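Enquirer: here you go, sequence then predicted model.
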Amino acid sequence: MNDSVLAEYVRDGVVESVHRGYLVALNSDGSVNLALGDIEHLFFPRSTVKSIQGAAMVRAGLKLEPRLLALGCSSHSGSEEHLSAVREILAMASLDESALQCMLDKPLGEPERRAWGDKPATRISMNCSGKHAAMLLTCVTNGWPIENYLDPAHPLQVAIKAELEALAGETVTLTSTDGCGAPLFLISVIGLARAIRAITISVDPIHQSVLEASRKFPEMVAGKGRLTTQMIEAVPGLYMKDGAEAVEIASMPDGRTLVFKVADGSLRPFRVLVHAGLKRLGIDSPYEAENVLGGDRIIGTIRATF
């Protein structure tokens, strides 16, 4: 196998389970501080590239205030604040939620999903609806068709792919489809790290506007109680974005960058890995131990291997 053990689930001093995967931490100058597993491994970055998708849209003429731009680069929890903001973006394009082509889903956030109850899944409550609304507005702004805005050959998706390739310094060899229905580009672990570092330290006003919007409105990027929002709020200058199947990116304005992918798609070691990865780069972040229980007693923990 070309992956490595990233985290261990320890019960009474015995490693009961392990989480394998790939991780790379870059120093501010772009040199590799830590590499676990094969960092040339190709994988799908999922929603961790939403800032790059957002930058491509702004470059194509998308104009949104920072609060709405952050939502356009989000995996939102589906609160009423989030859904109202999606409707704001759609209204700017003279569209309603019937134009959205993301999948049907209930809210992603646990409290929001509970509050949703037995109501049927909708497109607007799907966590990527902010991105899809921004995509539609970008199309309307350019006079591009909206019926096929998710087609990989659509001018919007071609622009997004080009933005990712330029930042990553590598060519996308396979285009798949993300869970939300948008094109999804295969990239290496180190390529994603290079891309996130590049957009973070870029002097391009477009890149800076996207990251600054996310830093200023972290509750729009994820939601209350979500790790992404908590970490951006707690660590000055931090940008962070999670993705499905246990992908995570984090970066600081000076270029320090963390990327990891948990091989089995488990979110269980996320908080531990984020804290340990940032600590490795000299970044302090809030941390609570991930306890392993025996009955009602704490008898172990989840720990990073580095």
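Expert: On my side now, so go ahead.
Enquirer: please, which helix or strand holds A133?
Expert: Here A133, judged by DSSP states H and E, is contained in helix 129-142.
Enquirer: pLDDT of that helix, averaged?
Expert: Averaging pLDDT along helix 129-142 yields 98.
Enquirer: could you give the angle of the next helix or strand after it to helix 129-142?
Expert: Once helix 129-142 ends, the next helix or strand along the chain (criterion: DSSP H and E) is helix 155-168. Between helix 155-168 and helix 129-142, the angle comes out at 110 degrees (axes from the mean of the first three to the mean of the last three CA atoms, to 10 degrees).
Enquirer: alpha carbons of the helix or strand bottoming out on mean pLDDT in the chain, as PDB, please.
Expert: The helix or strand of the chain with the lowest confidence, counting by mean pLDDT, DSSP states H and E, is strand 291-294 at a mean of 95. Only the C-alpha atoms of strand 291-294 are listed here, as PDB (Å, rounded to 0.1, in the frame of the first residue of the first chain):
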ATOM      1  CA  ASN A 291     -11.900  10.300  24.100                       C
ATOM      2  CA  VAL A 292     -12.400   6.500  23.800                       C
ATOM      3  CA  LEU A 293     -15.000   5.300  26.400                       C
ATOM      4  CA  GLY A 294     -15.300   2.100  28.400                       C
END
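Enquirer: who are the neighbours of the helix or strand that it is followed by, in terms of helices and strands?
Expert: The first helix or strand that comes after strand 291-294 along the chain, using DSSP H and E, is strand 297-304. On a contact count with 3 or more CB pairs under 8 Å, 6 or more residues apart in numbering; DSSP states H and E, strand 297-304 meets strand 4-11, helix 270-280, strand 291-294. All C-beta spots, glycine's among them, are computed from the backbone N, C-alpha and C.
Enquirer: what residues sit buried inside the helix holding A133?
Expert: S129, G130, K131, H132, A133, A134, M135, L136, L137, T138, C139, V140 (16 or more other CB atoms under 10 Å).
Enquirer: the helices in the stretch 101-250 of the chain, which residues?
Expert: 110-116, 129-142, 155-168, 189-201, 205-216, 218-221, 227-234 (DSSP state H, counting those that start in this stretch).
Enquirer: longest strand in this protein, please.
Expert: If you go by DSSP state E, the chain has its longest strand at strand 14-26.
Enquirer: tell me the strands beside that strand, with direction?
Expert: Counting by DSSP bridges, the strands paired with strand 14-26 are strand 4-11 (antiparallel), strand 32-36 (antiparallel), strand 257-262 (antiparallel).
Enquirer: and the residue lying closest to H82 once chain neighbours are set aside, how many residues sit next to it?
Expert: Nearest residue to H82, sequence neighbours excluded (CB to CB, 6 or more residues apart in numbering): H76, at 4.0 Å. Using other CB atoms under 10 Å, the number of residues around H76 comes to 29.
Enquirer: grab the nearest non-local neighbour of K119.
Expert: Using CB to CB, 6+ apart, the closest residue to K119 is K106 (7.7 Å).
Enquirer: surely that neighbour touches W116?
Expert: Yes: with contact defined as CB atoms under 8 Å, K106 reaches W116; the gap is 5.1 Å.
Enquirer: neighbour-wise, which of the two wins?
Expert: K106 (19 against 16).
Enquirer: how close does the more buried one get to S47?
Expert: 17 Å (CB to CB, to the nearest Å).
Enquirer: could you do V235 as well?
Expert: 20 Å.
Enquirer: looking at those two, which one has more neighbours?
Expert: Set V235 next to S47 and count neighbours by other CB under 10 Å: S47 wins out with 25 against 18.
Enquirer: OK, contacts around the more buried one?
Expert: Applying CB atoms under 8 Å, 6 or more residues apart in numbering, we find S47 in contact with S75, C128, D178, K241, D242, G243, A244, V247.
Enquirer: again with A213
Expert: P66, R67, L69, A70, C73.
Enquirer: where's the closest residue to W144 other than its chain neighbours relative to S31, distance?
Expert: Of all residues beyond its chain neighbours, the one nearest W144 is P155 (5.4 Å), with distances taken as CB to CB, 6+ apart. Applying CB to CB, the value for P155 to S31 is 37 Å.
Enquirer: SS state for the residue nearest to S209 when sequence neighbours are not counted?
Expert: Distance criterion CB to CB, 6+ apart; nearest residue to S209, sequence neighbours excluded, is V58 at 6.5 Å. Put simply, V58 is helix when judged by DSSP: H, G, I helix; E, B strand; the rest coil.
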